[in-house]
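J.: Sequence plus the predicted model coming up.
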Amino acid sequence: MKIVYSPFYSGNYFMNMQDQKVALDVQVLETQGLLSQLALHAGIHQQMPSYPERLTSYHKALLDYDSSFKDNIFHRSIVIDSMSVAKTLLRWRDNLALCGWSKNIVLKDSTRLNTLAEIDNYFKDEGLAALFTKLSDTIRRMESGELNVPMAYKTLIIEIPCHVDLLPDFIKPLMSSLQNLDVTIEEKTDYTKSQPATITEIHFSQLWKAEAWLAQQQPNAYEVWINTNNKRLDNWLHMSGNPVCGSEMTDTNPQITQMFLLAIQLFQRPLNVNTLLQYLFLPECPLDRRLRRELANRIVHEGGFCNEKVQDCVNSYIERELKDEDDETPQEMTKEQREENYITYLPFDIRTDEGALPLAEEANEVNVKALSKFLSSISSYASSKAVKIAAVQPYDARIAQLRNVAEMTDALLHQIETLIDGNLSFTTLNQWAQSLYEDGDYTLYHAQVNRRNVINRPSNMIGESKNTVWCDFYGDVQATLSTDFLSNLEVKQLKDAGILLWDKQHESDFMHLMLAMPVYKTSGNLTVITCSQQGATKLPMHPLYLQLPAITKQEDGDKLYSEIASKKIDVIDNHRDTDAEKICFDAGKHPVKWRSKESFSALEKLLQSPLDYFMNYTLGFTDASDTDIKLPLTYGNVAHDVVENLFTSERNGEPLSEFVVSHYEVAFRRALIRKGAILLLPEHHLNKERIKYKLKECVSKLATIIQENGLTVIQCEQEEEQDLGLQGGVALHGFIDMLLNDKAGNNVVFDLKWVSKKDKYKTVLEKNRALQLAIYKDMLLHHDNRPQSVRTAYFVMPYGILYSTDDFFGSNCELITPNMQPDIMEQLRKGYAERVSEISSGVIETADNVPISKLSYAQSVNVYPLEDDGKKTEPKKAENLYSDYKCFTI
């Protein structure tokens, strides 16, 4: 058996097996691998705990020590963030323990290391240092003859790429003892006298050009490819259809691993609605996919997580998997299983107001029982899911991520069960979770057949290559030394105490030797790729650049890139004319099916922007996002909910103007969780306070207007559906924001608008374009018990002004006189008929750089007029007024 050892070996390596006498029994190992292999053959078994487990164990030891010695040097830091302190101290402790340090070492002038030793009295070490101690003791007993030497040791060869003197000092005694047991130690040092026959530098101005050029080279163009972070090159290879080399996402946390943090953050109060949405959108969210997709959709569209639509969504899922009553297709789970899934994988119940309202309250205390139960469920799910995936796809990238989630969750659970006996603050919980949530390396691509031979470190070049390319010969690659956390005085005192710290000069020389391996191990041509910039960032020169032997040849990388990037092709002119009035399609083959019910917003889009209507409603395309809540819409939703709650509640004789003020706080808080959950986030605190102040003024003014005009609120958000004479008997459907009666019993309609521009709806009334109000008025006049008259108005918030073409009394009311007096409903009927006729015949007007007055629709008689802002008078300078779908109008 042969072991090739270096402390810096990691990942893929190049050995050139043709030059090796031993082929199948060779292992390339770093320090932990070497010690584990030697321990295995010596009959030593030790279960190595995961890093999260060791960290939580050490954290407990730190807190136990701190509770007994509160005057210790680390106490202030422990109070602020104990888990982060534990993470740093554990790293120091592990480095020192490998070198022979123990809790019995007391230094004269180092309070922090003496404190570290005292903490060790509370910690049971089961890491690499403990394994090394057992192995060293066993080998000493072999040397003394107390134990038999394993047969594997007698045939073992350990190859090292340097003199033994350069190895870590704590490894040297082990090597010496192994030699005494007839283990062969081979020092490979002859290569340091070698250098490449030629060195070629290819210089690119930009990193992406270098990657694009490298991706186009043949896999066998170079025997060895050196690329520290191969992810970007693999992306290029993947996009170009070439075999990928195998790469990792380094120092990152992919989406699935975020399940751990999101599970913790679901216990923050007030609940961050974005956290809830991110949890629902996780690729491997444990909630049933049908529930989480629809639940996220409802939360986004409603603006909150405590309202009737969200509650109906959960109840409908549990009852019938969100299926209609007449849907008889088999259900995948029973009702009990669906309810169990919902309760298990969501740590709160939003089916009732009682369960959801506390989620909006300020609180820092966590329900430990609910937390432990939820984390246990997450851990169990992640573990079982990883096993199921591995059974089908053993190399699936999700497996490592799910196992990491389970490890972190189990470690945190153990910490909570061990340390918490009573209350736990969310601040502390979040600090613990953040410390456990380590960046890691995860597989991005698995190597494919006919790939390039890529190694991710220069030190991993073990064998000799005839032709090597160093793909990233740029940037700062300086590494910290293992003893950098120690002061010079501490280093001296530790060495005096017999601790085998790695000599700084030896470690530095060894690092330099490993970094220069491609220079020493390439016999033919070494090609180095250098770059000036990555985007706008200047890339520094590689530390080895000035130490290279003479560069034989320099090539212009940008020129090489241009040669592969340029290709002669026949130009196909598929360009539409710039001035295009319409888009045509074959209505005979693709007849348009018109909806039986339309809303005001859909009608307005059909008349003004027919392509948008066609894309949104006929074809079903929309630009509406289901992933985030939009702040501008939230203001209006909150305002509507507050008004509905205050103006329709029982007042028990209390005057309306006094009631809305005295009950405003409760109504506003209720509206936040129902429609404005995004305003509960810390980053929107000022926005929340602003809308709270402005909205209070508005509801007070609205109550005053209602009282001064002798009006009575009948209903808010009254649903209406009427046939108003549109072609084909299409019904109009809508919700009246506020329906009132005057003293004569006639109807009054207030439409509530939250706008940024004060005069927007004043202008609408002046131009007699209040289509929405006209529709509501006509709907009410079509009732069986139709009123004699209907007055309509816009109540504009946050300005608190009532704009109307009808008379209303009060200082906050403004009478508007329209510029013209056409019958809007008649214009609507004719405009609708015109658009239906156009689109049904296969014509959709787009008006790309065409004046509106020239359109066929605009020249029709008595149709609802198009809004003309004059932007179409200068072709090619204006954005397309009609559509966001510019791919159709190029």
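T.: Ah, there it is.

J.: Burial check on T184, number of neighbours?
T.: Counted with other C-beta atoms under 10 Å, residues neighbouring T184 total 13. (Glycine included, C-beta is placed from N, CA and C.)

J.: Distance of it relative to I160?
T.: Distance of T184 to I160, given as C-beta to C-beta, to the nearest Å: 11 Å.

J.: Same question for L424.
T.: Distance, L424 to I160, using C-beta to C-beta: 50 Å.

J.: check contacts around the spatially closest residue to S841 that is not a sequence neighbour.
T.: Once flanking residues are discounted, S841 sits nearest to A587: 5.7 Å by C-beta to C-beta, 6 or more residues apart in numbering. Contacts for A587 were tallied using C-beta atoms under 8 Å, 6 or more residues apart in numbering; they are I839, S840, S841, G842.

J.: A370 now?
T.: F267, P347, F348.

J.: most surrounded residue in the residues you listed?
T.: F267 (23 neighbours).

J.: didn't D349 look like it was pressed against E339?
T.: No - in this structure, D349 is not within contact of E339 by C-beta atoms under 8 Å, at 10.4 Å.

J.: Which one's more surrounded, the two?
T.: Higher neighbour count among D349 and E339: E339, with 16 against 12, using other C-beta under 10 Å.

J.: Please identify the helix or strand for the more buried one.
T.: helix 335-345 (DSSP states H and E).

J.: Return the alpha-carbon coordinates of that helix using PDB.
T.: Taking Å, rounded to 0.1, in the frame of the first residue of the first chain, the C-alpha atoms of helix 335-345 are listed here in PDB:
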ATOM      1  CA  LYS A 335     -57.800  14.400   4.800                       C
ATOM      2  CA  GLU A 336     -56.000  13.400   8.000                       C
ATOM      3  CA  GLN A 337     -52.700  13.100   6.200                       C
ATOM      4  CA  ARG A 338     -53.100  16.600   4.600                       C
ATOM      5  CA  GLU A 339     -53.900  18.100   8.000                       C
ATOM      6  CA  GLU A 340     -50.900  16.400   9.600                       C
ATOM      7  CA  ASN A 341     -48.600  17.700   6.800                       C
ATOM      8  CA  TYR A 342     -49.900  21.200   7.400                       C
ATOM      9  CA  ILE A 343     -49.600  21.100  11.200                       C
ATOM     10  CA  THR A 344     -46.200  19.400  11.100                       C
ATOM     11  CA  TYR A 345     -44.400  21.600   8.700                       C
END
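
J.: Other residues contacting it?
T.: Applying C-beta under 8 Å, 6+ apart, the contact partners of helix 335-345 are 285-288, 291, 314, 317-319, 321, 333, 349, 374, 377-378, 381.

J.: Also stretch 753-768?
T.: 632, 635-636, 639, 770, 794-799, 801, 803-805, 814, 816-822, 824.

J.: which parts of that stretch are buried?
T.: Buried residues in stretch 753-768, counted by 16 or more other C-beta atoms under 10 Å: K753, W754, V755, Y761, K762, V764, L765, E766, N768.

J.: Stretch 510-528 too?
T.: Result for stretch 510-528 [16+ other C-beta under 10 Å]: buried residues 510-511, 513-523, 525-528.

J.: CA atoms of it as PDB?
T.: Only the C-alpha atoms of stretch 510-528 are listed here, as PDB (Å, rounded to 0.1, in the frame of the first residue of the first chain):
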ATOM      1  CA  PHE A 510       6.200  24.500   2.100                       C
ATOM      2  CA  MET A 511       3.300  26.600   0.900                       C
ATOM      3  CA  HIS A 512       5.500  28.300  -1.700                       C
ATOM      4  CA  LEU A 513       6.800  24.900  -2.800                       C
ATOM      5  CA  MET A 514       3.200  23.500  -3.200                       C
ATOM      6  CA  LEU A 515       2.200  26.700  -5.100                       C
ATOM      7  CA  ALA A 516       5.000  26.200  -7.600                       C
ATOM      8  CA  MET A 517       4.300  22.500  -8.300                       C
ATOM      9  CA  PRO A 518       3.100  23.200 -11.900                       C
ATOM     10  CA  VAL A 519       6.400  24.800 -12.700                       C
ATOM     11  CA  TYR A 520       8.400  21.900 -11.300                       C
ATOM     12  CA  LYS A 521       6.100  19.100 -12.600                       C
ATOM     13  CA  THR A 522       5.700  20.300 -16.200                       C
ATOM     14  CA  SER A 523       8.400  18.900 -18.600                       C
ATOM     15  CA  GLY A 524       7.100  20.300 -21.900                       C
ATOM     16  CA  ASN A 525       5.000  23.500 -22.300                       C
ATOM     17  CA  LEU A 526       3.400  25.400 -19.400                       C
ATOM     18  CA  THR A 527       0.700  27.800 -20.500                       C
ATOM     19  CA  VAL A 528      -0.300  30.500 -18.000                       C
END
